[in-house]
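Q: Next input, structure requested:
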Amino acid sequence: MSVQTIKDDFELLDEWEDRYRYVIELGRQLAPLDPAEKSDANKVRGCASQVWLVVDPADESGEARFRFRGESDAHIVQGLIAILKAIYDDHEPNEVLTTDAVEIFRDLGLSDHLTPQRSNGLKSMIERIRTEAQAMAAG
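A: Numbers count the residues shown, from 1 in each chain. Okay, the predicted model is just below:
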């Protein structure tokens, strides 16, 4: 799913309760991580809920595309991971580094409707994604 599709769908939903349900539904569409991937190394620090992000290695061709998977024990956060995948997944690492996800969440209106804890967790997830993309870009 693209970020534009998410933006368009958000515009069709007038009530924030409906938008939250939509975010939760986006999260439900994500494949779960393998239990072994829910390791300390993959855990995102700074989130109130449990969050794990796994960056997949480059494919057989060696093409440097940033691909990741994630999971959370909180439904809303799982939906935020789905939105982050729409923003960043399958992009070149340098593109990940120049994309402002915080601005996209602001455009969606989500920044104003997340608790401070969720906002901090979101920033931690974005920081982790950027760190991983930076390492990938560096080779």
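
Q: need the contact list for F66.
A: Taking CB atoms under 8 Å, 6 or more residues apart in numbering, we find F66 in contact with 55, 88-93, 95-96, 129, 132-133, 136. From N, CA and C alone the C-beta is placed, and that goes for glycine too.

Q: Roughly how far does it sit from A133?
A: Using CB to CB, to the nearest Å, F66 is found at 5 Å from A133.

Q: what's the overlap in contacts for those two?
A: Common neighbours of F66 and A133 (CB under 8 Å, 6+ apart) are Y88, P93, V96.

Q: Among these, name the ones in helices.
A: Counting by DSSP state H, the shared contacts of F66 and A133 place Y88, P93, V96 in helices.

Q: Which one among these sits at the bottom for pLDDT?
A: pLDDT is lowest at P93 among these; the value there is 92.

Q: right, and that residue touches G139 too?
A: No. Applying CB atoms under 8 Å, one finds P93 not in contact with G139, separated by 9.7 Å.

Q: Between these two, which is the more surrounded one?
A: P93 (20 against 6; other CB atoms under 10 Å).

Q: how about stretch 17-31: buried residues?
A: Within stretch 17-31, the residues scored as buried using 16 or more other CB atoms under 10 Å are R19, Y20, Y22, V23, I24, L26, G27, L30.

Q: Helix or strand: which one has the fourth one?
A: V23 belongs to helix 16-28 when elements are defined using DSSP states H and E.

Q: Can I get the following helix or strand past that helix in CSV, CA atoms only?
A: Per DSSP H and E, helix 16-28 leads on to strand 51-56 as the next helix or strand towards the C-terminus. The C-alpha coordinates for strand 51-56 follow below in CSV (Å, rounded to 0.1, in the frame of the first residue of the first chain):
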residue,chain,number,x,y,z
VAL,A,51,8.2,-3.2,19.2
TRP,A,52,10.6,-5.2,17.0
LEU,A,53,11.9,-4.1,13.6
VAL,A,54,13.9,-6.5,11.4
VAL,A,55,15.8,-5.2,8.4
ASP,A,56,16.1,-7.7,5.6
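
Q: Going toward the C-terminus from strand 51-56, what's the next helix or strand?
A: Using DSSP H and E, the first helix or strand after strand 51-56 is strand 67-72.
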